[in-house]
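*Asks:* Next comes the sequence, and after it the predicted model I'd like to discuss.
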Amino acid sequence: MPSPNQTTQSKQDSELLFKGVICALIGLVILIGPHFARSPDMAEILRQAYLPGWFALVLGCAFLIRYGLNRWRAQRLG
């Protein structure tokens with residue numbers, strides 16, 4: 001039976017993975033959106049939002065790296 005600390009850690013890891021995937025997807029959608037937008041106005045709006053798009057992508061990747069490090073440490077410790 002897992003200890004309460006392991007259950008809490010597992011929940012935190014799954015939340016970290018979820019946040020990482022969602023942020024990275026949002027960043028990607030914002031960055032590649034202008035290439036697929038049919039409306040010129042929408043494409044221009046997405047072009048102007050490239051900074052938040054990069055921020056979301058980098059933040060999502062940071063969350064995913066943190067998740068990977070946590071998993072690696074957990075496997076290494078046994």
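*Replies:* Yep, that arrived. Numbers count the residues shown, from 1 in each chain.
*Asks:* contacts, neighbours, all on C-alpha from now
*Replies:* OK.
*Asks:* Pull out the buried residues from the helix or strand that contains residue 16.
*Replies:* Assessed by DSSP states H and E, residue 16 sits inside helix 4-36. Along helix 4-36, these residues count as buried under the neighbour rule (16 or more other C-alpha atoms under 10 Å): 13, 16-21, 23-28, 30-31, 33-34.
*Asks:* So, low pLDDT: which residues of the chain?
*Replies:* Along the chain, segments meeting pLDDT under 70 span 1-6, 78.
*Asks:* try 90 this time
*Replies:* Residue ranges of the chain with pLDDT under 90: 1-13, 37, 46, 74-78.
*Asks:* And the nearest residue to residue 29 once chain neighbours are set aside, how far from residue 71?
*Replies:* Distances taken as C-alpha to C-alpha, 6 or more residues apart in numbering place residue 53 nearest to residue 29, at 7.8 Å, with adjacent residues excluded. The gap separating residue 53 from residue 71 is 27 Å, by C-alpha to C-alpha, to the nearest Å.
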